[in-house]
Structures are given as C-alpha cells and as structure tokens.
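Colleague: Predicted model, plus sequence, below.
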Amino acid sequence: MDSVLGVSASGRTPYVLGSLDAASARGALTIGFSCNASSPLGQQANFALDIEVGPEFVVGSTRLKAGTTQKLVLNMISTITMIRLGKTYRNLMVDLQATNAKLRARSERTVIQATGADLLAAQSALTAASGSVKVAILMILAGFSATEAVKVLAQNHGRLSQALHAE
C-alpha cells in the first residue's frame with residue numbers, strides 16, 4: 001500500500017494538507033506529522049504523529065525546536081525503513097552505490113568490518129562482485145563465487161543476514 005507522510009511544524013500548512021487530500025483520494029495511507037496536538041494535519045490523516053515541543057525560543061522560528069524534533073524523527077523513520085528493507089547488515093550500510101572514490105573507500109571499509117578480511121581481500125571481492133558490498137560480504141563469509149552469492153541474495157530478497165543463514 002502506498003503511504004504519504006505529511007510534515008508541517010504547525011500542522012496547518014495548506015500545501016501539506018492538500019497533498020494529504022490528494023493522497024487519500026488515491027487510496028494511500030496518510031500520516032500527519034506536526035508539533036501541535038490535535039492539529040488539522042493530524043485530524044485529516046489516517047494516523048497522527050503530533051509531538052508537542054512547546055513554544056519556540058524565538059517566536060515564529062520553527063527551525064529551532066520543531067524543526068530539530070522533526071528532523072530527528074524523520075531520521076529514525078528512514079533508518080528503521082532501511083533496516084526493514086534489508087539495506088543494512090548489523091550496524092553497517094551494505095546497499096550503497098560506490099559512484100566515487102569516497103564511496104568506494106567506504107565500501108572497502110564496510111566489507112572489512114563485516115568480514116574481518118584485509119584490504120586486498122575486500123578489494124578483490126568487491127571487484128569480483130562488480131562493486132556490490134552485499135555480494136562481496138557473502139562471498140567472503142560463505143565462500144561463494146560472485147554468481148552463487150548473487151543467486152543466494154536473490155533467493156533471500158536481497159537480505160544479507162537471511163542469505164548468510166540460508167547456506
């Protein structure tokens with residue numbers, strides 16, 4: 001089911017309310033996230049996430065308490081989502097696309113941390129895995145070829161933890 005999360009510090013921002021109306025009309029689950037109890041946004045949505053933060057230190061500056069609170073909650077939601085989608089292994093991001101030198105180095109470090117392999121082994125596995133961190137980790141920990149690792153990952157819906165236990 002599609003879902004839409006409408007975010008508004010006040011809970012009454014017109015374009016956010018309009019977006020939830022449109023989403024609801026299309027059958028999507030709607031969630032209203034504001035920093036005011038019983039906000040119009042929360043009342044309109046299927047589910048309300050109203051976190052009261054009290055008045056701002058600087059009146060009208062919702063980037064302070066409200067903005068910080070909403071950012072923290074959104075970070076939690078996105079982190080939980082990535083975990084539930086199998087984009088992590090233990091506390092490591094394993095579904096990254098190494099499109100530059102910084103991310104290639106991160107991929108290498110991730111493979112090393114997950115497997116205990118040395119840098120040369122991590123680089124070799126990543127090369128054989130066409131840069132896929134998940135495939136490289138599975139190759140090292142389970143002893144699979146890249147082709148076997150890809151197959152086992154697919155059989156486990158891309159979830160590395162499940163693939164490692166499916167051996």
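Modeller: That came through fine. Numbering: from 1, shown residues only.

Colleague: can we go C-alpha only for contacts and neighbour counts from here?
Modeller: OK.

Colleague: Domain parsing of the chain, as residue ranges.
Modeller: Taking the TED database as the criterion, the chain consists of the domains 3-85, 88-164.

Colleague: between those domains, which has the poorest average model confidence?
Modeller: Mean pLDDT values for these show the minimum at domain 3-85, a mean of 94.

Colleague: Run the chain-centre distance for that domain.
Modeller: 18 Å (CA atoms, centre = their mean, to the nearest Å).

Colleague: tell me what the longest helix that the chain contains is packed against?
Modeller: The helix spanning the most residues in the chain, taking DSSP state H as the definition, is helix 65-84. In terms of contacts (3 or more CA pairs under 8 Å, 6 or more residues apart in numbering; DSSP states H and E), helix 65-84 is not packed against any helix or strand.

Colleague: Now the element after it, going C-ward?
Modeller: Downstream of helix 65-84, the first helix or strand assigned by DSSP states H and E is strand 88-89.

Colleague: re earlier: show me which residues of the longest helix of the chain are buried.
Modeller: For helix 65-84, the buried set under the neighbour-count rule, 16 or more other CA atoms under 10 Å, comprises 65-67, 69-70, 83.

Colleague: Go through stretch 129-149 and flag the buried ones.
Modeller: For stretch 129-149, the neighbour count (16+ other CA under 10 Å) marks 129, 131-140, 142, 144-146, 149 as buried.

Colleague: residues making contact with it?
Modeller: By CA atoms under 8 Å, 6 or more residues apart in numbering, the residues outside stretch 129-149 that reach it are 94-98, 107, 110-111, 114-115, 117, 122, 125-126, 128, 150, 153, 160, 163-164, 167.

Colleague: Please repeat the previous calculation with a cut-off of 6 Å.
Modeller: With contacts defined as CA atoms under 6 Å, 6 or more residues apart in numbering, stretch 129-149 is touched by 94, 111, 125-126.

Colleague: Same list (those residues) but as a markdown table, adding neighbour count.
Modeller: A markdown table is the format used below for these (neighbours: other CA atoms under 10 Å):
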| residue | neighbour count |
| --- | --- |
| 94 | 24 |
| 111 | 29 |
| 125 | 25 |
| 126 | 23 |
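
Colleague: picking that back up, return the longest helix of the chain as PDB; C-alpha atoms alone will do.
Modeller: The C-alpha trace of helix 65-84 is given here as PDB (Å, rounded to 0.1, in the frame of the first residue of the first chain):
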ATOM      1  CA  LYS A  65      12.700  23.100  18.500                       C
ATOM      2  CA  ALA A  66      10.100  22.000  15.900                       C
ATOM      3  CA  GLY A  67      12.500  21.600  13.000                       C
ATOM      4  CA  THR A  68      15.100  19.800  15.100                       C
ATOM      5  CA  THR A  69      12.500  17.400  16.500                       C
ATOM      6  CA  GLN A  70      11.000  16.700  13.100                       C
ATOM      7  CA  LYS A  71      14.500  16.100  11.700                       C
ATOM      8  CA  LEU A  72      15.300  13.600  14.400                       C
ATOM      9  CA  VAL A  73      12.000  11.700  14.000                       C
ATOM     10  CA  LEU A  74      12.400  11.600  10.200                       C
ATOM     11  CA  ASN A  75      16.000  10.200  10.700                       C
ATOM     12  CA  MET A  76      14.500   7.500  12.900                       C
ATOM     13  CA  ILE A  77      11.800   6.700  10.400                       C
ATOM     14  CA  SER A  78      14.300   6.500   7.500                       C
ATOM     15  CA  THR A  79      16.800   4.400   9.500                       C
ATOM     16  CA  ILE A  80      14.100   1.900  10.500                       C
ATOM     17  CA  THR A  81      12.900   1.800   6.900                       C
ATOM     18  CA  MET A  82      16.400   1.000   5.600                       C
ATOM     19  CA  ILE A  83      16.800  -1.800   8.300                       C
ATOM     20  CA  ARG A  84      13.400  -3.300   7.400                       C
END
